[in-house]
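> No letters, just coordinates:
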């Protein structure tokens with residue numbers, strides 16, 4: 001591969017593009033002694049430049065290091081090594097190389113932008129700004145990008161965005177600046193801006209591993225896991241030894257259900273960086289998913305402080321502790337996670353369970369209350385809240401929670417409110433108008449407090465101020481749904497989904513479209529999500545429900561069995577769905593097996609009683625089916641599907657009055673699908 005020294009040195013020493021070949025040659029001639037080692041070093045530096053230009057940054061670093069070993073007195077070789085180390089995120093290593101470069105005679109005036117970058121990578125934004133401000137004009141573009149990132153790290157994100165936007169407007173071919181802008185926009189929640197920046201970065205430099213990685217990240221958020229994989233692979237084709245890219249690639253593979261490929265990527269990352277905390281974490285995740293909790297804990301412990309504060313590691317540590325029966329210990333990382341992410345529902349549920357098992361029932365209830373208060377609270381959440389109240393002696397308030405837990409249907413998904421003081425949230429929102437971080441909690445609190453009109457007005461203003469923020473569009477959709485405007489809510493959710501098509505967005509959009517009478521669009525949304533996230537539990541569960549309801553029993557069995565492989569045999573709702581699917585497919589023995597298992601796990605749930613009764617009926621054991629059908633109706637008298645099952649079982653048992661009464665009750669639900677069959681039963685035909 002040939003090397004253009006002008007382009008390469010500009011890329012290496014200052015992305016502003018003002019270094020010239022004469023400067024490079026002067027540096028080389030002035031620093032390298034005239035001997036064989038110097039000639040070898042010059043050759044290796046040229047190779048490093050060529051590798052860097054082609055996006056092979058790890059290889060470039062290795063050649064530059066070889067150059068410094070061939071001639072330790074070469075200041076220019078040390079400077080080239082420093083630039084490659086900066087590209088790979090090694091700030092400490094780069095600073096050491098720069099120190100050696102200047103001691104060997106490399107002009108310190110040409111190194112300020114590189115020192116600025118090294119300081120930034122080491123968490124010293126003030127030092128980075130100071131060095132950037134001393135940079136020579138020829139390297140000012142590079143220094144401007146570093147300075148903007150340092151300003152953002154110091155808290156002034158708006159000023160940093162303004163600086164970077166001006167930089168890319170003046171130099172649209174500066175991929176380094178586009179990547180910095182894209183990452184900053186992504187962190188600020190502006191996904192439209194981040195996506196555009198990622199696209200521009202790749203257009204500016206298709207060989208840049210950082211540009212390709214940013215495009216992979218934005219593709220994963222915008223479209224899903226599968227769409228991101230080719231971009232991660234393109235980045236790794238340029239730099240196969242990029243540790244951070246390998247880690248993200250491995251995590252994406254794992255989330256997409258490709259465990260074997262995930263393990264291979266993790267092992268590659270561990271070769272690059274032995275003892276990598278992120279690699280150990282992913283290995284622990286794999287072990288936990290395989291059910292080997294002993295190995296999972298052992299591997300996670302090896303990471304030590306390297307994972308301090310990482311949300312995924314905190315959640316995994318708490319989960320392992322709970323599974324091992326160490327509730328008090330499990331509560332420690334879970335408490336830290338909830339403090340960092342108060343709207344993390346999974347973390348709240350696990351922490352509530354740990355507190356309940358640690359005899360801290362009052363605190364457990366306080367922790368789970370914001371989740372239990374939601375309309376879409378699942379039965380497990382409601383049972384946790386009810387048992388916490390029961391434990392502290394409040395059986396009166398526990399009773400309705402037990403009733404809700406036993407109900408078959410869940411309400412609408414909505415915004416999460418943590419119960420903070422409304423006046424405080426209002427003041428914080430007023431102090432930062434248009435800021436999603438300050439305004440979102442206020443809108444959620446308004447909605448939770450029943451002020452639908454106020455929540456809608458604030459949400460509309462926030463969405464107008466942040467058209468590129470999916471979070472703002474989601475909260476607007478929540479407010480519209482709270483006001484009963486489901487079609488408008490679906491439109492807002494769809495806008496969010498164009499830039500952040502994750503599980504939460506998908507569930508809201510599917511629910512809103514379904515409730516707005518747009519079932520075909522809802523189904524298409526679910527199918528699209530599953531093409532990108534084939535192992536997503538929530539999506540598979542929803543698809544299985546729909547397939548059973550539509551009579552697509554063979555397809556439902558395939559979907560639900562794949563889900564059972566992921567979540568195990570302790571989920572009564574899943575087992576009940578499998579029972580209905582097998583019954584519909586004409587396999588009564590399998591149906592009764594699953595129904596019996598579901599009922600044994602949760603005999604007080606109407607769905608499990610209904611499933612066992614229905615599968616007994618499907619197996620011609622009508623006498624045994626009747627009491628279970630009666631129990632299901634008693635537990636969920638408003639559920640049309642359960643009423644319809646009762647009608648058919650009663651009719652088979654020869655009890656026409658009960659059959660007709662239940663068929664009529666089913667017909668009172670306007671969403672009931674089997675209307676013609678129910679009317680025929682009533683008519684006796």
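Now that the structure is in, tell me what you want to look at. Treat the numbers as computed from the prediction; the structure is a model and nothing was measured.
> How are the helices of the stretch 251-400 of the chain distributed by residue range?
In the stretch 251-400 of the chain, helices defined by DSSP state H, counting those that start in this stretch lie at 259-272, 277-289, 293-303, 311-323, 327-340, 345-357, 361-372, 379-391, 395-406, listed in chain order.
> again with the stretch 501-650 of the chain
Secondary structure of the stretch 501-650 of the chain by DSSP H, counting those that start in this stretch: the helices cover 503-515, 519-532, 537-549, 553-567, 572-584, 588-601, 606-618, 622-635, 640-652.
> Go through the last one and flag the buried ones.
Okay, so that is helix 640-652. Within helix 640-652, the residues that qualify as buried are 640-651, counting by 16 or more other C-beta atoms under 10 Å. Bear in mind the C-beta positions are built from the backbone N, C-alpha and C, glycine included.
> so it versus helix 622-635, what angle?
For helix 640-652 against helix 622-635, the angle between stretch directions is 150 degrees (axes from the mean of the first three to the mean of the last three C-alpha atoms, to 10 degrees).
> Contacts for helix 640-652, please.
408, 606, 610, 613-614, 617, 622, 625-626, 629-630, 632-633, 636-637, 656, 658-663, 665-669, 671-672, 674, 677-678, 681 (C-beta atoms under 8 Å, 6 or more residues apart in numbering).
> mean confidence for it?
Mean pLDDT, helix 640-652: 96.
> going on from that helix, what's the next piece of helix or strand?
helix 656-667 (DSSP states H and E).
> Tell me which helix or strand comes right after that next one.
For helix 656-667, the following helix or strand on the C-terminal side (DSSP H and E) is helix 675-683.
> so how far is that following helix from its chain's centroid?
Distance of helix 675-683 from its chain centroid, counting by C-alpha atoms, centre = their mean, to the nearest Å, is 46 Å.
> Measure how that helix sits relative to helix 640-652, angle-wise.
Taking the same axes, to 10 degrees, helix 675-683 and helix 640-652 form an angle of 40 degrees between their directions.
> what helices or strands is helix 675-683 leaning on?
Applying 3 or more C-beta pairs under 8 Å, 6 or more residues apart in numbering; DSSP states H and E, we find helix 675-683 packed against helix 640-652, helix 656-667.
> Point to the helix or strand of this structure where mean pLDDT is at its lowest.
helix 21-31 (a mean of 36; mean pLDDT, DSSP states H and E).
> just curious, which of the buried residues of helix 640-652 is nearest to residue 545?
Within the buried residues of helix 640-652, proximity to residue 545 (C-beta to C-beta) peaks at residue 641, which comes in at 11.0 Å.
> neighbours around residue 504, how many?
Residue 504 sits with 16 neighbouring residues when counted by other C-beta atoms under 10 Å.
> circling back to that earlier point, including distance to residue 439, could the helices and strands packed on helix 675-683 go into TSV?
What follows is the helices and strands packed on helix 675-683, written out as TSV (distance: least, C-beta to C-beta, whole Å):
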stretch	distance to residue 439
helix 640-652	40
helix 656-667	44
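> Quick one, which of those helices gets closest to residue 262.
Per C-beta to C-beta, nearest to residue 262 of the helices and strands packed on helix 675-683: helix 640-652, 39.2 Å.
> Looking at the buried residues of helix 640-652, spot the one nearest residue 59.
Residue 59 has its nearest neighbour among these in residue 641, at 61.9 Å by C-beta to C-beta.
> Relative to residue 647, how far out is that closest one?
Distance from residue 641 to residue 647, counting by C-beta to C-beta, to the nearest Å: 11 Å.
> Also residue 610?
Applying C-beta to C-beta, one obtains 12 Å for the distance of residue 610 from residue 647.
> same thing with residue 229?
From residue 229 across to residue 647, the span is 49 Å (C-beta to C-beta).
> ok, now residue 253?
Using C-beta to C-beta, one gets 49 Å for the distance from residue 253 to residue 647.
> How about residue 637?
When C-beta to C-beta is applied, the distance between residue 637 and residue 647 equals 13 Å.
> ditto for residue 81
Distance from residue 81 to residue 647, by C-beta to C-beta: 79 Å.
> now residue 94
According to C-beta to C-beta, residue 94 stands 75 Å off from residue 647.
> What of residue 597?
Residue 597 is 26 Å from residue 647, where distance means C-beta to C-beta.
> From the contacts of helix 640-652, keep the buried residues only.
408, 606, 610, 613-614, 617, 622, 625-626, 629-630, 632-633, 636, 658-663, 665-667, 672, 674, 678, 681.
> Could you tell me how many residues sit around residue 673?
By the other C-beta under 10 Å criterion, the neighbourhood of residue 673 contains 15 residues.
> Check residue 54 too.
Counted with other C-beta under 10 Å, the neighbours of residue 54 add up to 16.
> Could you count how many residues lie near the closest residue to it other than its chain neighbours?
If the residues on either side of it in the chain are set aside, residue 54 comes closest to residue 207, at 5.6 Å by C-beta to C-beta, 6 or more residues apart in numbering. Burial of residue 207 is recorded as 17 neighbouring residues (other C-beta under 10 Å).
> Return the residues in contact with residue 207.
The neighbours of residue 207, taking C-beta under 8 Å, 6+ apart as the test, are 53-55, 238.
> So which of those residues are in helices?
When DSSP state H defines the helices, the subset of the contacts of residue 207 inside them is 53, 238.
> Helices along the stretch 1-150 of the chain, start to end?
Assigned by DSSP H, counting those that start in this stretch, the helices in the stretch 1-150 of the chain fall at 5-13, 21-31, 36-53, 57-70, 75-87, 91-103, 112-121, 125-132, 140-153.
> and those helices, which one is worst for confidence?
Across those, helix 21-31 has the smallest mean pLDDT, namely a mean of 36.
> end-to-end on stretch 335-347?
8 Å (C-alpha to C-alpha, to the nearest Å).
> I figured residue 232 was touching residue 216, is that so?
Yes: counting by C-beta atoms under 8 Å, residue 232 sits close enough to residue 216 to count as a contact (4.4 Å).
> joint contacts of those two?
Residues touching both residue 232 and residue 216 (C-beta under 8 Å, 6+ apart) are 245, 248-249, 252.
> Right, I'll call it a day here.
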